[in-house]
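Peer 1: Predicted model and sequence follow; I will ask about them next.
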Amino acid sequence: MRHASGAVLASIVVAIGSWSSAAHAQRLVGWGFSGSSNTDRAQPALKAAAGLYHSMAVLDDGRIAAWGSGADKQVNVPVDLGAAVSVAGGHQHTVALLADGSVRCFGRNTSGQCNVPADLGPCTAVAAGDAFSAAITAAGTVRCWGNNASGQCNVPADLAGVVGLDCGLFFTIAVLKDGSVRCWGNNSSGQCNVPTDLGPAVQICAGTKHSVAILADGSVRCWGSNSAGALAIPPDLGPVVQVAAGNQFTLALLADGRVRGWGWNAFGQVSQAGVLTGVTSIDAGDSHGVAVHADGRVSAWGNNTFAQAQVPIGAGAVKQIGITYTSHTAVLRDDGSFSIRGFCNDGMCAVPLDLGPVAQFALGASHVVALEVDGSVRAWGATWNGITAVPSDLPPVVEVAARGSHTLALCNDGSVRAWGENDRGQCNVPGDLGAVQSIAAGTDSSFAIVADGSLRAWGGSTAGEANVPADLGPVLQVTAERDHAHALRLDGSVRSWGSGAPAQPADLGTAVQIACGSDHVVALRANGTVRVWGTTGYDTNTLPAGLGRVVQIAAGGAEVVVLQAGCAQDISGDGVVNGADLARLLTAWSQTGTGLAADLNGDGMVDGVDLGAMLEAWGACPG
């Protein structure tokens, strides 16, 4: 199962400057409560893997993209991880094998599953189970750490020559270079009763309570629990090159690039696999599957409760980012693709499969609102107080807003509609608003920038966040929480009000975008730098070293996420100009054409001029 093998926003972004915004040059950087920095970029993948309710892919530059359930930070890829060659997913943790043979782990560590042994040494493969991890060392032995309640980490003393490894729920299985198979740990369903007549195996995998092996002739054998038909191999299966197993189901990659499956199919994890073609590798989680295609695309299918089947590796540059105070991070790309990841409570990550291209989105505390390019509005997540019940008579919409448990929509005729929770009057849109330019939502309050640039507000708590200062003047943007609100004025200054508003730095300077969390405020300045003020909880005020070239910001309850632009010389998009970029440039040497990432001066050829530009910028992106 876990084997080794809006208009205001647009004007803000335009005002930032001239840094490259190509997809390959962007990256999300996050800090605070969830430390939600992650790779979410458009590039080919080499391998894919699945954990219980999360998925991962090793991209062609060695970065790891991860998505799905993030309650234990198992999808929060460390920014300093380095280039990976393989990745494995446990129940709530992730194990990565790096290019230098070292092993890194992130996510839940309640049983020591992420305490990589200090004396581990170089490894060739990694695997992960319920709350334990395992690795094949360069010497062909196996090391295991974490939960050992069922003996899953009691590696046989005579085990040697291991070439393949996998972990089930509470057991471990290995294949040796002579084709023999060994298994240890929980054997409640016979998953460790390796058939005596098995014959030489070339690959093995472990499901929750069953085991699977590919034999030298391409045939497949299964043993262990046959619940839901996990062992019922189709008689017409044909030659198989890889197998993967989940909870009561099995997947097989055929030699012709198709995928077959059998067993439990409650979420389509078996049936949906049958439509795939051109597949080069597969893996299975509890109730979903992932695959990499020959062209580097990643597919995922089956259970999508935690967005584990919603691949976030989009095809375009990032257009909008957002984060909730419940630690969900969302990304909209300029091709209209939308993705969201995080704790996935209340169905927020269950993006409708028929969602059309998205123009803009908004995040509430427990719901998501998407404005499709045709002006229609879609909403999903929690259903209480009608927060996702989009009015059937809603005219075409140009902007949506959400924060707490209500939604605002700015219609193309300049009117505003509201629905959802209304305990503070946040949905009681004033009848005298007139034509509205832009809208925003606080936790219990609503805001509209009207035709003359002035700000109107309604709803709100006793903290006074809806009490707009009389001398505020025209504004460009507003952001609000439960007990404080902040406005970006035409001159780039920021004005704050409400009893919970933190004191603003005297040297803030000119801002071009603002955002706020529960107790902190973030400002993006005209030079691409970021300032944060307010609470110091979860280190929200501690910016990552060297942070610059920021083009967009978002704030959650106790965290910050920013979109950082790269520079042309940073081909790999890791924020620095280094050997990884040089390697990609040399690989593309003498290529001609348009849109070449390594053609730094844009003359249609990768040559010495580009090499000189890269060496001149070595170490850090200029600007």
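Peer 2: On my side now, so go ahead.
Peer 1: When you work out contacts or count neighbours from here on, use the C-alpha atoms and nothing else.
Peer 2: Will do.
Peer 1: got a list of what the most centrally placed residue in the chain touches?
Peer 2: By CA atoms, centre = their mean, the chain has its centre lying nearest to W67, at 3.9 Å. Contact partners of W67, counting by CA atoms under 8 Å, 6 or more residues apart in numbering, are H54, S55, M56, V75, A307, Q308, Q310, V311, P312, R341, G342.
Peer 1: swap in R182?
Peer 2: Contacts of R182 by CA under 8 Å, 6+ apart are I173, A174, V175, L176, C192, V194.
Peer 1: Of all the residues in stretch 297-306, which ones are buried?
Peer 2: Neighbour counts over stretch 297-306 (16 or more other CA atoms under 10 Å) mark R297, V298, S299, A300, W301, G302, N303, N304, T305, F306 as buried.
Peer 1: Also stretch 457-466?
Peer 2: With burial defined by 16+ other CA under 10 Å, the residues of stretch 457-466 counted as buried are A457, W458, G459, G460, S461, A463, G464, E465, A466.
Peer 1: Which one among the residues you listed sits at the bottom for pLDDT?
Peer 2: Least confident entry in the buried residues of stretch 457-466, by pLDDT: S461, with 80.
Peer 1: and that one, helix, strand or coil?
Peer 2: For S461, the assignment made with DSSP: H, G, I helix; E, B strand; the rest coil gives coil.
Peer 1: okay but it is in contact with R424, surely?
Peer 2: Yes: look at S461 against R424 with CA atoms under 8 Å: they come within range, at 6.8 Å.
Peer 1: By mean pLDDT, flag the weakest helix or strand of this structure.
Peer 2: Within the chain, judged by mean pLDDT, DSSP states H and E, the helix or strand with the poorest mean is helix 7-14; its value is a mean of 30.
Peer 1: Run through the neighbouring helices and strands of the helix or strand just after it.
Peer 2: Counting by DSSP states H and E, the element after helix 7-14 in chain order, helix or strand, is strand 27-32. Under the contact criterion of 3 or more CA pairs under 8 Å, 6 or more residues apart in numbering; DSSP states H and E, strand 27-32 touches strand 559-564.
Peer 1: Low-confidence ranges, the stretch 301-450 of the chain, go.
Peer 2: For the stretch 301-450 of the chain, the stretches flagged by pLDDT under 70 are 312-316.
Peer 1: how about the strands of it, start to end?
Peer 2: Counting by DSSP state E, counting those that start in this stretch, one finds strands in the stretch 301-450 of the chain at the ranges 318-323, 329-333, 338-341, 358-363, 367-372, 377-381, 397-402, 406-411, 416-420, 436-441, 445-450.
Peer 1: now those strands in TSV, with mean neighbour count and distance to A206?
Peer 2: Shown next, in TSV, are the strands of the stretch 301-450 of the chain (neighbours: other CA atoms under 10 Å; distance: least, CA to CA, whole Å):
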stretch	mean neighbour count	distance to A206
strand 318-323	24	36
strand 329-333	24	32
strand 338-341	26	27
strand 358-363	24	38
strand 367-372	25	36
strand 377-381	22	33
strand 397-402	25	43
strand 406-411	26	45
strand 416-420	21	46
strand 436-441	24	48
strand 445-450	25	51
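Peer 1: got these as CSV, with distance to Q513 columns?
Peer 2: Below are those laid out as CSV (distance: least, CA to CA, whole Å):
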stretch, distance to Q513
strand 318-323, 13
strand 329-333, 17
strand 338-341, 22
strand 358-363, 16
strand 367-372, 21
strand 377-381, 25
strand 397-402, 16
strand 406-411, 20
strand 416-420, 23
strand 436-441, 14
strand 445-450, 15
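Peer 1: Nearest to C105, out of those?
Peer 2: The closest of the strands of the stretch 301-450 of the chain to C105 is strand 338-341. By CA to CA, the value is 19.4 Å.
Peer 1: So which residues make contact with that closest one?
Peer 2: Under the contact criterion CA under 8 Å, 6+ apart, strand 338-341 has outside partners 67-70, 306-307, 310-312, 328-332, 348-349, 351, 357-358.
Peer 1: H486 touches S499, doesn't it?
Peer 2: No: using CA under 8 Å, H486 is not in contact with S499, being 12.0 Å away.
Peer 1: who's more crowded, these two?
Peer 2: For H486 versus S499, neighbours defined as other CA atoms under 10 Å are more numerous around H486 (22 against 14).
Peer 1: can you pull up the bridge partners for that one?
Peer 2: With DSSP bridges as the criterion, H486 is bridged to T479, S496.
Peer 1: how about it, what does it touch?
Peer 2: Going by CA under 8 Å, 6+ apart, H486 touches V478, T479, A480, V494, R495, S496, W497, I514.
Peer 1: Tell me, what's the model's pLDDT at it?
Peer 2: If you check H486, the pLDDT there is 97.
Peer 1: any low-confidence regions in the chain?
Peer 2: Applying pLDDT under 70 to the chain picks out residues 1-26, 33-43, 312-316, 536, 566, 572-575, 594-595, 620-623.
Peer 1: Please parse it into its domains.
Peer 2: The chain breaks down by automatic domain parsing into domains covering 43-302, 344-501, 579-616.
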